[in-house]
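1. dropping a prediction and its sequence here:
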Amino acid sequence: MADPDSSPAAPAAPAQPAGPAPMTGMLLGVTSIALALGTFMQVLDSTIANVSIPTIAGNLGVSSNQGTWVITSFAVANGVSVPLTGWLMGRYGVVKTFIVSVLLFTLASFLCGISWNLPSLIGFRVLQGLVSGPMIPGSQALLIMIFPPNKRGTALAIWSMTTLVAPICGPILGGYISDNLAWPWIFLINVPVGLICAFLCWRGMASRETPTRKAPIDTTGFMLLLVWVGALQVMLDTGKDVDWFNSTAIVVEAVVAVVGFAAWVIWELNDKHPIVDLSLFKSRNFALGTVALCLGYAVFFGSNLLQPLWLQTRMGYIATWAGLVAAPSGVVAVVLTPFAARLMQRVDARWTASLSMVAFALSFFMRSEFTPDVDFKALVWPMLVQGVAMSTFFISMVTISLNGVPPQQLPSASGLSNFSRITAGSFAASLTTTVWDRSESLHQTRLAETMGATDPAWLQAVERLQAVGLSHAQAVGAVTNQVVNQAYLLATVDFFRASAWLTVLLIPCIWLTNKAMSGGGAPPPAD
């Protein structure tokens, strides 16, 4: 049994099955960029529509609440399709599955762009989510496959950059298109990118198809997966609007999700050909690495959702400028990730993962010091620190979780890991806004208790506003609005402070895993 702390120069990485040698030179560079484009396009599309919902709803003549189904429909369909990646790639080959997925995603994007009403747009978004499932885990598996074993860190760095930067670019690009162009272009921009990606990937990897096997499809497992994931996603996306468990529909959806999940797990663990290989969780590195990845990503995703929401609703920022506040973190991540990849060829991934958690925590602590008069510069500094965290987070966590996974199981492991991460992001999106609103209500109540109609500070503020021409009602309304803004600020800093401590608490979880090196190295011992 291998020593978990053995150096990478000891036993060599497990031999790859017979097949084409890793790519080199220009072909490797072009194919890597094409695979990165596929990841970028899919991740971007999951966030770019968020800031455009009011525009889309207005143009289609529906309410904003109805318009949110544009997001929900994609999330539900994508959540169901991601876990199927392992079976699809085992049945049809990694290369074919990825390229067909890209082409179908491109077609679905075009159809979304020419939608004539809300039902047609929702239908095409469902199609877009269904066919996009293999894109992220497929690009990850292919990047690992075409790079030499000792360059796995570089492959994961490319994948990491696109996966982390795309959610930041989404609101910026979506806001710009909504403000300056027509909303269909948030979907139509995918068409040329998708065609270029598919062409370059097929040209570079057509002769590198992986072996296939005619495994029977687990119909029962798929139907159970469809039921519980669909119920869970709908519950998470609509819960806030109907006051969560005070709604009968949410209670029913929660029961269906829990019972469906339990039945699915039992079935998958006992089926001879499961559609999702849950046996991967027997590996300590995969299980703990996936848990840390999901929780860390959930905190990151929640903060990325909350900050622009706060800036736009309470600080007077338009969508474009709210996105520009976050842009520096993406720039720092892109610059530092290649250096992080080289460092990880010589350093245990647990150290770089811990570094990313510390940097995330520092960024959140800096944001917990925001004041009502915070300026653009003060908003940007924490994002620069977050960029440092982003440069090592994904590479480290994926290296830890995939350490020791046999090459033939990489597509399944990648699909399951990404499915868990996406589900964690859905929880974060729903819980963040709910916790934020309820925290604001608590702070507003406490502020109101200290300010009454006879409070000198209250009376003085109202009198000053009346002195500049406001009526009594207008003055009271203006002061009340300031109290609400202050309550939302307090709720925001509370959220960031809690996020910082949660991130710190993830560090011990990382050190419960075995040593992992991005440049190969011995697999961890059997658990």
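-> Ah, there it is.

2. quick check: which element contains the closest residue to V504 other than its chain neighbours?
-> Closest residue in space to V504, ignoring its immediate chain neighbours: A361 at 4.9 Å, by CB to CB, 6 or more residues apart in numbering. Placement of C-beta: from N, CA and C, glycine included. Counting by DSSP states H and E, the element that carries A361 is helix 349-367.

3. packing partners of the next helix or strand after that helix?
-> Later in the chain than helix 349-367, the nearest helix or strand by DSSP H and E is helix 376-402. Counting contacts by 3 or more CB pairs under 8 Å, 6 or more residues apart in numbering; DSSP states H and E, helix 376-402 packs against helix 152-180, helix 284-314, helix 319-344, helix 349-367, helix 410-450.

4. the same query, at a cut-off of 10 Å, please.
-> Counting by 3 or more CB pairs under 10 Å, 6 or more residues apart in numbering; DSSP states H and E, the packing neighbours recorded for helix 376-402 are helix 135-146, helix 152-180, helix 284-314, helix 319-344, helix 349-367, helix 410-450, helix 507-510.

5. to A389, which of these lies closest?
-> helix 349-367 (3.5 Å; CB to CB).

6. and the closest one, how far out from the chain's middle?
-> 18 Å (CA atoms, centre = their mean, to the nearest Å).

7. W69: what's it in contact with?
-> Residues in contact with W69 (CB atoms under 10 Å, 6 or more residues apart in numbering) are 53, 57, 62, 76, 118-119, 121-122, 125-126, 234, 237-238.

8. pLDDT at V258, what is it?
-> On the pLDDT scale, V258 is placed at 94.

9. worst mean pLDDT across the helices and strands of this structure, which element?
-> Lowest by mean pLDDT, DSSP states H and E among the helices and strands of the chain is helix 64-67, with a mean of 64.

10. so what touches the helix or strand containing E253?
-> Taking DSSP H and E as the definition, one finds E253 inside helix 248-270. Contacts to helix 248-270, defined as CB under 10 Å, 6+ apart, come from residues 83, 218, 220-236, 238-245, 247, 274-279, 281.

11. hang on, the earlier thing: so which other helices or strands are in contact with the helix holding A361?
-> helix 152-180, helix 284-314, helix 319-344, helix 376-402, helix 472-505, helix 507-510.

12. can you point out the buried residues in the second one?
-> Neighbour counts using 16 or more other CB atoms under 10 Å place 284-312, 314 of helix 284-314 among the buried residues.

13. could you measure from S132 over to F74?
-> S132 sits 8 Å away from F74, going by CB to CB, to the nearest Å.

14. give me the common contacts of the two.
-> Counting by CB under 10 Å, 6+ apart, the common neighbours of S132 and F74 are D45, S46, A108.

15. quick one: least confident of those residues?
-> S46 (71).

16. if you tally nearby residues, what's the number for that one?
-> Neighbourhood size, S46 [other CB atoms under 10 Å]: 21.

17. equivalent analysis for A326, please.
-> A326, neighbours per other CB under 10 Å, totals 23.

18. give the next helix or strand downstream of the least confident helix or strand of the chain.
-> Using DSSP H and E, the helix or strand that directly follows helix 64-67 along the chain is helix 69-81.

19. mean pLDDT and distance to W267 for the helices and strands packed on helix 349-367 - can I get that in TSV?
-> Formatted as TSV, the helices and strands packed on helix 349-367 follow (pLDDT from 0 to 100; distance: least, CB to CB, whole Å):
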stretch	mean pLDDT	distance to W267
helix 152-180	74	31
helix 284-314	87	20
helix 319-344	80	38
helix 376-402	89	24
helix 472-505	86	33
helix 507-510	92	29
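
20. quick one, which of those helices is nearest to C201?
-> Using CB to CB, the nearest of these to C201 is helix 152-180, at 13.7 Å.

21. picking up where we left off before, buried residues of the helix holding E253, list them for me.
-> I250, E253, A254, V256, A257, G260, F261, W264, W267, E268.

22. mind listing what M41 touches?
-> 48, 102, 105-106, 109, 132, 135, 139, 162, 166, 189-190, 193-194, 197.

23. of those residues, closest to P382?
-> Nearest member of these to P382, counting by CB to CB, is A166, at 20.3 Å.

24. count of residues packed around the closest one?
-> 22.

25. in a markdown table: the shared contacts of S132 and F74, plus secondary structure and distance to T513.
-> Below are the shared contacts of S132 and F74 laid out as a markdown table (DSSP: H, G, I helix; E, B strand; the rest coil; distance: CB to CB, whole Å):
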| residue | secondary structure | distance to T513 |
| --- | --- | --- |
| D45 | helix | 32 |
| S46 | coil | 28 |
| A108 | helix | 38 |
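
26. what is the nearest of those residues to L505?
-> Using CB to CB, the shared contacts of S132 and F74 come closest to L505 at S46, 27.5 Å.

27. phi first, then psi, for the closest one.
-> phi -80, psi -10 (degrees, to the nearest 10).

28. distance check, it against E449.
-> 41 Å.

29. sorry, back to before: got CSV for the helices and strands packed on helix 349-367, with distance to G29 too?
-> As requested, those are exported to CSV (distance: least, CB to CB, whole Å):
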stretch, distance to G29
helix 152-180, 10
helix 284-314, 28
helix 319-344, 13
helix 376-402, 19
helix 472-505, 34
helix 507-510, 32
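
30. which of those helices sits closest to Q444?
-> helix 472-505 (3.9 Å).
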